[in-house]
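Undergrad: show me how the following folds:
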Amino acid sequence: GGGDFSGTLTTVDSSAAYWVGSTSTAPLEVDIPAQSHQATLPAIPVKAGWNMVPVVSLNTDALPSTISADIYFNSVNWVTAYTYDTTTTTWSKIQPKQVPAATVAPKKGYWLYVAADGTLVP
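TA: Sure thing, here's the model as predicted:
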């Protein structure tokens, strides 16, 4: 109502992806303070079923535009993933060993379905 966020979220970090829903068409601006260099990527716990996960990279000076989905999700037993394009308002499905090879993009979040509990190690 007053333009403020509501809910119980108290921190934002690189071990999770975040979905922000709004009925407004106004741009959303989030002030994220500069972070110190991280020497290791986070280990992201996932549970059997749907998980929202980020795509992170240590190479912050020259982020790759895409990373192979098969390589990025290799540490878990993944079945499928979805990404949402806010510009076209469309979902894209990604599957293991997809032809042509599927990719994921740094700084984006993905709905990831895994067959078993595990740890995503980017």
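Undergrad: for residue 71, helix, strand, or coil?
TA: At residue 71 the chain is in helix, as set by DSSP: H, G, I helix; E, B strand; the rest coil.
Undergrad: from residue 85, how far out is it?
TA: Per CB to CB, to the nearest Å, residue 71 is found 22 Å from residue 85. Every residue, glycine included, has its C-beta placed from N, CA and C.
Undergrad: residue 119 now?
TA: From residue 119 over to residue 85 the distance is 28 Å, taken as CB to CB.
Undergrad: now residue 20
TA: Using CB to CB, residue 20 is found at 15 Å from residue 85.
Undergrad: do the same with residue 96
TA: From residue 96 across to residue 85, the span is 21 Å (CB to CB).
Undergrad: look at those two and report which has more neighbours.
TA: With neighbours defined as other CB atoms under 10 Å, residue 96 and residue 85 compare such that residue 96 has more, 14 against 10.
Undergrad: so who does the more buried one touch?
TA: By CB atoms under 8 Å, 6 or more residues apart in numbering, residue 96 lies in contact with 69-70, 73, 78-80.
Undergrad: and the closest residue in space to residue 121 that isn't next to it in sequence, what pLDDT?
TA: Excluding the flanking residues, the one nearest residue 121 by CB to CB, 6 or more residues apart in numbering is residue 75, at 4.3 Å. Residue 75 carries a pLDDT value of 96.
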